[in-house]
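> Build me a model from this:
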Amino acid sequence: MPQPQDNARAVFLIILIFWLATSPDSGPGLIAGPNLIKNRLARQRHALGVLNSTQWGDFAPRLADDPPETDTQPKYLNLTGFREEDGYVWEDLKRFKDRCEEWSANAVGIPEVAEPVWQNATGVVRGWWQRANTSSPRYHSNYNLTEISPGVTWAGINSDWSRNVSGAEGKMLMRIEDNEDSATEPEEIDKLVLEKSEVKAREVSATVTIDDVEGTGNSWEMRLHGVHWPRQGSMLFTTTSEKFAGIFGLPHLTTRPDFFESSKVLLNRTLDKALVRKEQHTFTDQIDPWASTVDSTAEAWNPTPHCEYLVYVQIHPLDKEILTVQPTLTGPENVAKAIQDIEDELRFPQGTGHRKIPRLQMSAVVYSPDCAFYLETKGPPAYAPADGKHLVGVKQEVFLYSVSTFLLGLALIVFGQLQLLKLQMRETSTPSTLGRVSFYTACMMLLADGMVFTGAAAWSFSASTTLLPSLAVTCVSFLSMTVGIFFLAEIHKVQEPEWRRQERERGRQNTPPNTTTPPNSRQTPPAATTPRPPASPPIIIPSDQDIDAEIAEATNNTNTNNATLPAPVTAPSTTPTSQTLRTQLSNIFGRLLLLGICILFLSLAAASWRPSIRSAYFNLLLFGYLSLWVPQIYRNIYRNCRRALSWRFVVGQSFLRLLPIAYFYAAPGNFAFAEPDYKAFVVLAGWLWLQIWILAAQSVLGPRFGVPKGWMPEAWEYHPMLREDNVEAGGLPIGLVATPSSPVSASRAGDDKEKKRTNTHVIDCAICREVLEVPVVRAGDDDPTAGGVAGVFARRAYMVTPCRHIFHSACLEGWMRFRLQCPICREELPPL
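You can find the predicted model right below:
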């Protein structure tokens, strides 16, 4: 019969095969694929021809405020999405252009005296946007995609379009790639003759993520392409798809004739080169270079309709206080020179860095011509600075520096965790100490280290500028994971017999008793027995620690007293084979691997969830991760043991594992642009430190202090309260109740009332041979400190074994770190 793990694997394999067999094949096949690519290239070649044959003013659609009867006829282009019959909301195009010019004037002034800005816009910015409607609404049912883009097979043509923002406001994240080696206008730049300021236009692309916070709650990520005019600090991006030839009609969407001319020349050259390259590699390169979806493969075969976007971005001037340059005193030329020096130092460091790099600030206007809405970033002058400052971020070099710094810090944190783990393994190197450590606490740490290793390794495959820091994290996390696996294997080897014993006990409890009686057997009435009080193992202070005498006395009284002794927890059991242990460990590591993969994929999918659900998911995930000491607390209670882990390890691991979480929850300038959530961080940190305080209370007051007795199975109490009137004391074979004739026991009574209730017995500890004073309550009296903290501390000075020998607590604890046997009689001892 196969094991349950084998059944689970078989079921998982069947489900995987069924999913692969039933998943739709969206590819057109080997024969039809190149034909579809050729048809798409033909449409794009036609669109490029239209761009070459048109001039400024050839696209002048009917405006919303135009009178019904006018002498001026509207003009449209023979491009997909730019035709009148397509039905797009081009009547608001003038409103979009006017808004763009207004925002540029508010940021840098009029074009003739515009303030200097960043010449390279590569960076990451983020901010809030506000939604506004166009003059007339549009819905996906208003469009006939079959007529707009004939010959294209659409997926989900009757469903709602994606990227359709419906909320009043939300967030926008923009990553701009403005490479210096991109195509420019003019095409060739001789740095000895022509300065960079003479570049009229340059190709630019961006990845934009829009969060519809108050609407659908969705998050959309898209790829846009456009043109950057460096001298003016203006950029225009557009999406391109089978129903909208955005990049081919972009010059007609610009706000100025000079923008039109420079962008037309630039795009004519760059688009033609891209099409020629695609036409030469029809079979091998089938990706649309201007697709707006991040997954361009899916867009190539069965595109899904979505809202199209036009994004106008204006770069804001730099903070003059940080530049330490006053344009009124030195002129705008010196400001531009200072900006150029900063950019050169960022791209090609020469050691002449500035004290602080100015932030990157932009404003943006988004226009959707098919879904009919506007998005405008929140900031002055329309909004107060407290409500928003448009899009704010950092340059790409500063962003990568912060990522590298975080990765190096994470590597140091993981290295510190590794060192703490190595020191803890040195202290817990015996079966006694390994039996105290919670297996599940070690599993949680190993799972976290494995996920860090997986994430760092995946980052290293795609990293370029942050390769070395990511490799450092990968190597250190791999070492930490390897040491953690070895530590977990050692814990498993020691605790596995205990688990098998618990399974056998549960099996016996679940097995119904066999009450059938043989037909020919005579039933014997049960013998009358005298009810006995519950067994209470006595604690006797040995008089002389004479091993031979105690063993002889124990042999003579086996039938009367041995029944009252509890079986040690560490009773011998069948030792598993090495093959069985390897099989069990492989199953455990396989489950941890599967759980880690599921968490990673679920966390990646959570990036597109509603912000509230995404925040709740990560809060719950981190709450479970920071509950790593809960299994250790439970094991301390279950095994009645203390100090399973050193305080250096507990506090150090807690602090180090909380640091990366604090970076994203409490640092406003983190590279992930995560907004600080101080309340959630206080709850997470408080929950972690609460567990540490519980561990401290268990170490001082006892593992089961405050826990009702019936909640946990009986365990041996090494620090009991000793009494002279123990009901079992008189008949025990070994030990001696305090008597006046004891040669080594002395009784001392104090003058006060409290001391008269106890006798202090003085004996020799068999381990250290030093004097051990033990308080014993007199017969018939109650210990006034028995239930308080003072009594707990008094009983911590000695430890009593199940075989009724007594030692110093420190002596016996040190002994039991190496052997779970009584130092006198070699009886098996329950672990601490």
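
> could you pull out the helices for the stretch 701-832 of the chain?
753-756, 789-795, 809-816 (DSSP state H, counting those that start in this stretch).

> Pick out the shakiest of those, pLDDT-wise.
For the helices of the stretch 701-832 of the chain, the weakest mean pLDDT is recorded on helix 753-756, namely a mean of 46.

> I'd guess residue 128 is in a strand, am I close?
Yes: counting by DSSP: H, G, I helix; E, B strand; the rest coil, residue 128 is located in a strand.

> so it bridges to which residues?
Beta-bridge pairing of residue 128 under DSSP bridges involves residue 171.

> So what's the residue count around it?
19 (other C-beta atoms under 10 Å). Yep, even glycine has a C-beta here, placed from its N, CA and C like the rest.

> show me what contacts it?
Residue 128 is in contact with 169-172, 377-378, 387-388, counting by C-beta atoms under 8 Å, 6 or more residues apart in numbering.

> quick one, longest helix in this protein?
Secondary structure of the chain per DSSP state H: the longest helix is helix 467-510.

> quick revisit: looking at the contacts of residue 128, which has the most residues close by?
The most crowded member of the contacts of residue 128, judged by other C-beta under 10 Å, is residue 377 (26 neighbours).

> For the residue nearest to that residue when sequence neighbours are not counted, grab phi and psi.
Excluding its sequence neighbours, the residue lying closest to residue 377 (C-beta to C-beta, 6 or more residues apart in numbering) is residue 390, at 4.3 Å. Phi and psi for residue 390, reported as degrees, to the nearest 10, are phi 60, psi -130.

> where are the low-confidence patches of the stretch 651-800 of the chain?
724-759, 778-792 (pLDDT under 70).

> Strands along that one, start to end?
Counting by DSSP state E, counting those that start in this stretch, the stretch 651-800 of the chain has strands at residues 758-764, 771-777, 798-800.

> Highest mean neighbour count across those, which stretch is it?
Mean neighbour count (mean count of other C-beta atoms under 10 Å) peaks for strand 798-800 among the strands of the stretch 651-800 of the chain, with a mean of 23.

> Surely residue 718 and residue 801 touch.
Yes: the pair residue 718 and residue 801 passes the contact test of C-beta atoms under 8 Å, sitting 7.5 Å apart.

> what is in contact with the two at once?
With C-beta under 8 Å, 6+ apart, residue 718 and residue 801 have common neighbours residue 812.

> if you average pLDDT over the longest helix of the chain, what comes out?
Across helix 467-510, pLDDT averages out at 88.

> start at 33 instead
Shifting the count to begin at 33 puts that one at helix 499-542.

> Can you give the distance from that helix to the centre of its chain?
In terms of C-alpha atoms, centre = their mean, to the nearest Å, the centre of helix 499-542 is found 21 Å from the chain centre.

> And stretch 396-414, by the same measure?
Centroid separation for stretch 396-414 versus its chain: 33 Å, with C-alpha atoms, centre = their mean.

> what's the answer for stretch 799-812, then?
Here the centre of stretch 799-812 is set off from its chain's centre by 54 Å, with C-alpha atoms, centre = their mean.

> quick revisit: what does the pLDDT read for the residue nearest to residue 409?
Note for residue 422: predicted pLDDT of 92.

> Tell me the spacing between it and residue 399.
According to C-beta to C-beta, to the nearest Å, residue 422 and residue 399 sit 17 Å apart.

> go on, residue 315?
38 Å.

> Of these two, which one has the most company?
Using other C-beta under 10 Å, the more surrounded residue of residue 315 and residue 399 is residue 399, with 27 against 9.

> what bridges to the more buried one?
According to DSSP bridges, beta-bridge pairing links residue 399 with residue 342, residue 406.

> what sits against it?
Residue 399 makes contact with 124-125, 128, 341-344, 406 under the criterion C-beta under 8 Å, 6+ apart.

> Would you mind listing where the stretch 183-332 of the chain has pLDDT under the threshold?
Residues of the stretch 183-332 of the chain meeting the criterion pLDDT under 70: 220-229, 327-332.

> Mind jotting down where the helices sit in it?
So, for the stretch 183-332 of the chain - with DSSP H, counting those that start in this stretch - the helices run 289-312, 328-333.

> Same list, those helices, but as a markdown table with distance to residue 460 and mean neighbour count please.
Converted to a markdown table, the helices of the stretch 183-332 of the chain look like this (distance: least, C-beta to C-beta, whole Å; neighbours: other C-beta atoms under 10 Å):
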| stretch | distance to residue 460 | mean neighbour count |
| --- | --- | --- |
| helix 289-312 | 62 | 17 |
| helix 328-333 | 51 | 17 |
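
> Now render those as CSV, adding distance to residue 356.
As requested, these are exported to CSV (distance: least, C-beta to C-beta, whole Å):
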stretch, distance to residue 356
helix 289-312, 33
helix 328-333, 45
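
> right, and the ones you listed - which one's nearest residue 487?
Closest to residue 487 of the helices of the stretch 183-332 of the chain is helix 328-333 (C-beta to C-beta; 24.1 Å).

> what residue ranges in the stretch 33-182 of the chain score low on pLDDT?
Filtered on pLDDT under 70, the stretch 33-182 of the chain yields the residue ranges 33-65, 101-103.

> cutoff 50 now
Filtered on pLDDT under 50, the stretch 33-182 of the chain yields the residue ranges 33-36, 56-57, 61-62.

> Which parts of it are helices?
36-54, 61-84, 125-140, 177-180.

> Isn't the residue nearest to residue 409 up against residue 395?
Yes: judged on C-beta under 8 Å, residue 422 makes contact with residue 395 at a distance of 4.1 Å.

> okay, and the common contacts of those two?
By C-beta under 8 Å, 6+ apart, residue 422 and residue 395 have these common neighbours: 348, 409, 411.

> The second one contacts residue 420, doesn't it?
Yes: using C-beta under 8 Å as the test, residue 409 is close enough to residue 420 to be in contact (7.0 Å).

> which residues do those two both contact?
In contact with both residue 409 and residue 420: 159-160, using C-beta under 8 Å, 6+ apart.

> give the contact list for residue 113.
With C-beta under 8 Å, 6+ apart, residue 113 has these contacts: 120, 180, 275-278, 281, 340, 401-402.

> Tabulate those (JSON lines), appending neighbour count.
Output for the contacts of residue 113, formatted as JSON lines (neighbours: other C-beta atoms under 10 Å):
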{"residue": "120", "neighbour count": "26"}
{"residue": "180", "neighbour count": "20"}
{"residue": "275", "neighbour count": "20"}
{"residue": "276", "neighbour count": "27"}
{"residue": "277", "neighbour count": "26"}
{"residue": "278", "neighbour count": "26"}
{"residue": "281", "neighbour count": "22"}
{"residue": "340", "neighbour count": "23"}
{"residue": "401", "neighbour count": "28"}
{"residue": "402", "neighbour count": "25"}
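
> All set now, cheers.
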